[in-house]
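Chemist: Quick check, what structure comes out for this input:
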Amino acid sequence: MLNINNLYKSYGKNVALSGISFSVQEGMICGIAGKNGSGKTTLFECVRNLQPYEGHIAIGAADRIGYLPEALYFYPAMKGREYIEFCLSARKDEIDRTKINRYNQLFELPLNDYAVNYSTGMKKKLALMALLLQENTIYILDEPFNGLDLSSCLILRQILFKLKLRNRIVLLSSHILSSLTDICDIILYLNNHIIEKTYPRKEFAALERDMTDSITTQVDNVFI
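Modeler: From the prediction side, this is the model:
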């Protein structure tokens with residue numbers, strides 16, 4: 001279980017998150033929606049303990065978090081296969097080359113090439129592959145569909161459903177609303193540094209209406 005209670009984060013006088021509280025149970029996919037700058041990445045970095053924060057974040061003692069940031073970095077002289085083995089070694093996980101090759105039947109990556117020369121989509125798939133091979137229990141994915149082609153997006157959707165069936169927790173963001181409504185069990189709308197509203201699956205249509213109405217009003221105020 002992932003439990004966040006009264007999470008507060010600021011950068012000097014600039015508040016990024018103000019009293020965020022929510023819980024995600026095992027076997028759930030939770031989406032985070034919001035405008036650019038609403039605090040989605042900050043929230044993820046706090047959960048991953050990459051940022052100092054105030055409040056409380058609780059995970060199970062046996063849980064392991066895998067984090068896919070929106071901006072990826074690869075060492076210039078590291079090949080794709082070396083990157084995966086590096087990630088596994090960092091977690092003290094077994095390097096099973098047969099399993100790596102099996103996963104790569106899905107991702108179709110040139111693992112013997114330098115990762116820094118990969119396309120944006122290939123880099124995203126390489127990082128995803130490393131996370132999946134680590135067998136994490138909690139997955140935090142910041143804009144995971146960005147840069148992926150149609151086939152890879154469909155593969156990722158199926159992978160997320162598999163993680164759900166394996167009782168994993170998935171927390172993800174996407175600027176494409178349909179990417180969230182198609183796969184999530186719950187969506188949190190982050191706005192003005194708080195969770196403005198929580199939408200269970202049965203209310204996803206209301207989320208789309210709320211966001212559409214808000215944007216329509218903004219456009220109408222310009223084109224009067």
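Chemist: Now the phi/psi pair for the residue nearest the centre of the chain, please.
Modeler: With distances taken as Cα atoms, centre = their mean, L141 lies nearest the centre of the chain, 1.3 Å away. With angles defined as degrees, to the nearest 10, L141 sits at phi -120, psi 110.
Chemist: what's the burial count for the closest residue to it other than its chain neighbours?
Modeler: Excluding the flanking residues, the one nearest L141 by Cβ to Cβ, 6 or more residues apart in numbering is L172, at 4.0 Å. (C-beta placed from N, C-alpha, C; glycine too.) By other Cβ atoms under 10 Å, the residues close to L172 number 24.
Chemist: Quick check: L172 is in a strand.
Modeler: Yes: L172: assigned to a strand according to DSSP: H, G, I helix; E, B strand; the rest coil.
Chemist: Next, the buried residues of the one helix or strand D210 maps to.
Modeler: Using DSSP states H and E, D210 sits within helix 204-222. For helix 204-222, a neighbour-count test (16 or more other Cβ atoms under 10 Å) marks F204, L207 as buried.
Chemist: can you give me the offset of it from its chain's centre?
Modeler: Helix 204-222 sits 25 Å away from the centroid of its parent chain (Cα atoms, centre = their mean, to the nearest Å).
Chemist: so for that helix, what's the average pLDDT?
Modeler: If you average the pLDDT over helix 204-222, you get 82.
Chemist: Please enumerate residues in contact with it?
Modeler: The contact list for helix 204-222 (Cβ atoms under 8 Å, 6 or more residues apart in numbering) reads A33, L177, T181, I187, Y189, K197, Y199.
Chemist: Could you rerun that using 7 Å?
Modeler: L177, T181, I187, Y189, Y199 (Cβ atoms under 7 Å, 6 or more residues apart in numbering).
Chemist: so which two of these are the farthest from each other?
Modeler: Across the contacts of helix 204-222, the longest distance by Cβ to Cβ is 12.2 Å; it joins T181 and Y189.
Chemist: did I read that right, L190 in a strand?
Modeler: Yes: when three-state DSSP is applied, L190 is found to be in a strand.
Chemist: Go ahead and confirm it touches G37.
Modeler: No: in this structure, L190 is not within contact of G37 by Cβ atoms under 7 Å, at 10.2 Å.
Chemist: The two - which one has more neighbours?
Modeler: Comparing L190 with G37 by other Cβ under 10 Å, the one with more neighbours is L190, at 22 against 9.
Chemist: what's the nearest residue to that one if we skip its chain neighbours?
Modeler: The nearest residue in space to L190 (Cβ to Cβ, 6+ apart) is G34, at 3.6 Å.
Chemist: quick one, what contacts the residue nearest to the centre of the chain?
Modeler: L68, V170, L172.
Chemist: One more pass at 8 Å, please.
Modeler: Counted by Cβ under 8 Å, 6+ apart, L141 has contacts L68, V170, L171, L172, S173.
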